[in-house]
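J.: Fold the following and give me the result.
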Amino acid sequence: MTKPRIITIAGLDPTGGAGISADIRAAGAMGVPCGVAVTAVALQTHRTGISVEPTPEYVFRKSLEFCFAEPFGGVKIGMLGNRRIAEVVFEILDGGNIPIVLDTIIASSSGMRLIDDAGLEFMREKLFPISSLLTPNIPECEKLTGKQITTTSEAIGAGRELFERTGTPVLLKGGHLLGNATDYLIDGSGVAEFSGVRVDKDFRGTGCALSTLITAGLALGMPLKSAIHSAKLHLAKSMAESTPPYLIFGTDNA
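T.: Numbers count the residues shown, from 1 in each chain. This is a model prediction of the structure:
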């Protein structure tokens, strides 16, 4: 049986550690083909960031239109770069009935901004409500809610506030908190915990990969919680077996 295709809308990392490169590897782990629309090139290495160079609007728009010209089962949104790119994404996705996982990328691990302020505000106002799931980490959730997060209860409270503002389920990634790498799904039914073992290795692209793995699971017909659970297992296995900074996935064609 042919597996559904997903589309990733994200940035290109020249090192291959994060962004679209990580997305393609993660989709491959699920045996799911992955179309791509490159929003920008993030001029960065594994340790430093120089600048974000957006894709020309015409090129990006046509890339996205070509992606959508063939059947697909889900969309992952990563780095957007600026407001105009975010507006194009909204214009094309609004009104569709497909799973959309939005990885709320604001800055790189080196601290370089990956979306401008106008783009962040547009993403918050327009893209959050049409998404199926938001996947912020702790620093991103702090930026989006204006609240400092140092404890699990503060994290859940901020995640709940983000859900209440948008009506979109929030998977708050807890890797920046002390203890095990537990993530929290906050939605209309409450809070669900997804525990994980902390891996003491310095990887890049883990957030990119997780959101793509979830998107692939949703495209395959998994319920949201099952897709998250499956994604966490795939990511943990890859982190245990890979050598930093690259995540290398085995293929699961089951």
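J.: count of residues packed around the residue lying closest to residue 181 once chain neighbours are set aside?
T.: Leaving aside its sequence neighbours, residue 181 sits nearest to residue 196 (Cβ to Cβ, 6 or more residues apart in numbering; 4.1 Å). Every C-beta, even on glycine, is put in place using the N, C-alpha and C of the backbone. By other Cβ atoms under 10 Å, the residues close to residue 196 number 18.
J.: So residue 196: helix, strand or coil?
T.: Look at residue 196: counting by DSSP: H, G, I helix; E, B strand; the rest coil, its state is coil.
J.: so which strand or helix has residue 50?
T.: Residue 50 belongs to strand 49-54 when elements are defined using DSSP states H and E.
J.: Partner strands of that strand, with direction?
T.: strand 34-44 (antiparallel) (DSSP bridges).
J.: Do you have the helices of this structure handy? List them.
T.: Secondary structure of the chain (DSSP state H): helices located at 19-29, 57-68, 83-93, 117-122, 128-130, 138-145, 152-166, 206-219, 224-241.
J.: related to what we said a few turns ago, for the residue nearest to residue 181, give me the pLDDT.
T.: We have a pLDDT of 74 for residue 196.
J.: Would you agree it is in contact with residue 182?
T.: Yes - the pair residue 196 and residue 182 qualifies as a contact (Cβ atoms under 8 Å) at a distance of 6.4 Å.
J.: Contacts only, for the nearest residue to residue 142 once chain neighbours are set aside.
T.: Leaving aside its sequence neighbours, residue 142 sits nearest to residue 149 (Cβ to Cβ, 6+ apart; 5.4 Å). Residues in contact with residue 149 (Cβ atoms under 8 Å, 6 or more residues apart in numbering) are 138, 141-142, 155, 158, 177.
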